[in-house]
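>>> Build me a structure from this.
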Amino acid sequence: MFDDFTRGTFDSDGVDIAYWTAGSGPPLLLIHGYPQTHVMWHKIAPALAERFTVVAPDLRGYGDSGKPAGTADHANYSKRVMAADLVALMASLGHAAFDVAGHDRGARVAYRMALDHGHAVTRLAVLDIVPTKAVYDGTDRALATGYFHWFMLIQRSPIPENLIGGAVDTWLDMAFGNWTGSEGAFTPEARAEYRRCFGSPQAIHASCEDYRAGATVDYAADAATIAAGDKIAAPVLVLWGDRGRVAAMAPLATWRQYAVDVRGHGLDCGHFLPEERPAETLAALSEFFD
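Residues are numbered from 1 along each chain as shown. The predicted model follows:
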């Protein structure tokens, strides 16, 4: 699916970050979400590479990137650390400043990157999320039901690791079934790649650490940002699925608490915009980044 891209590996302070790159023009970083890899961009990345220098990494803990054991405070899976991985990766490729699009957990990495490394992020697109603090602070019965995995994955190790590890296919079927709003969104090749990358004990542990960090150090970072009155300076595009749960979270109003220049709209789909509605996602990103 990325056959026309060049694969590389970047050593980020001892953690290997796998990435794929192609194209020419302004640099554009694409960051995937849970429980996926860079492959989630496969329907739109080749078209974007016709106008941009596209870099599509696997986050630490995911895909073919390194999967260090979590620390006691979960900080080595914080979005701040994940963002630093990718800023260093882009610098190693000669991109001191670049555009960023992130989906799901990748969008959480992307907005922390825009806050911590404002010099590096020229424009930011976040797909189907609101900030982590806003999710937790707005939790009610409906959200906890739909986002039950947020609360399951943060339980102490190895409880969720063992439960998911004993039923990997059931877990992935749940994620790709419950969170999508479109039939046939996932190609067999993409599903096979997600299964290959997610199924190991190391990958399952890493993904749990990602969510544990979200509930602790990432939440604290968001709270500090709000308390300080800091906002993302780069223009922000917010896209969401009208058939998903983010649509009910006042996404534009919520993001305006975190950024000074916000625009966006919903698409007729569920959570996985680039795979459910690739043409519309591509058009929105191309217009914004152009």
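>>> Can you list the neighbours in contact with the helix-or-strand element of the chain with minimal mean pLDDT?
Here the helix or strand of the chain ranked lowest by mean pLDDT, DSSP states H and E is helix 141-146, holding a mean of 95. By C-beta atoms under 8 Å, 6 or more residues apart in numbering, the residues outside helix 141-146 that reach it are 135, 151, 245. Bear in mind the C-beta positions are built from the backbone N, C-alpha and C, glycine included.
>>> now do 10 Å
Outside helix 141-146, the residues that touch it by C-beta atoms under 10 Å, 6 or more residues apart in numbering are 135-136, 150-151, 178-179, 244-245, 248-249.
>>> ok, of those residues, which one's closest to Ser157?
Phe151 (15.0 Å; C-beta to C-beta).
>>> thinking that closest one is in contact with Ile159, fair?
No. Using C-beta atoms under 10 Å as the test, Phe151 is too far from Ile159 to be in contact (11.9 Å).
>>> Okay, and the residue most central in space within the chain sits in which element?
The centre of the chain sits closest to Gly106, judged by C-alpha atoms, centre = their mean, with a distance of 1.5 Å. Counting by DSSP states H and E, the element that carries Gly106 is helix 105-116.
>>> so what strands line up beside whichever helix or strand comes after that helix?
Per DSSP H and E, the first helix or strand lying C-terminal to helix 105-116 is strand 121-127. If you go by DSSP bridges, strand 121-127 pairs up with strand 98-103 (parallel), strand 236-241 (parallel).
>>> Including mean neighbour count, could these go into CSV?
CSV is the format used below for these (neighbours: other C-beta atoms under 10 Å):
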stretch, mean neighbour count
strand 98-103, 27
strand 236-241, 25
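>>> now the ones you listed as a markdown table including mean pLDDT and distance to Gln36?
Formatted as a markdown table, these follow (pLDDT from 0 to 100; distance: least, C-beta to C-beta, whole Å):
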| stretch | mean pLDDT | distance to Gln36 |
| --- | --- | --- |
| strand 98-103 | 98 | 8 |
| strand 236-241 | 98 | 15 |
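>>> On the three-state scheme, the closest residue to Arg243 other than its chain neighbours is what?
Once flanking residues are discounted, Arg243 sits nearest to Gly181: 3.3 Å by C-beta to C-beta, 6 or more residues apart in numbering. Three-state call for Gly181 (DSSP: H, G, I helix; E, B strand; the rest coil): coil.
>>> Hmm, Gly181 is touching Cys269, no?
Yes. Under the criterion of C-beta under 10 Å, Gly181 makes contact with Cys269 at 4.8 Å.
>>> quick one on the thing from earlier: need the contact list for the residue nearest to the residue nearest to the centre of the chain when sequence neighbours are not counted.
In space, Gly106 comes closest to Ile31 once its chain neighbours are excluded; the distance is 3.2 Å by C-beta to C-beta, 6+ apart. With contacts defined as C-beta under 10 Å, 6+ apart, the neighbours of Ile31 are 38, 40-41, 55-59, 82-83, 86, 100-110, 113, 126-127.
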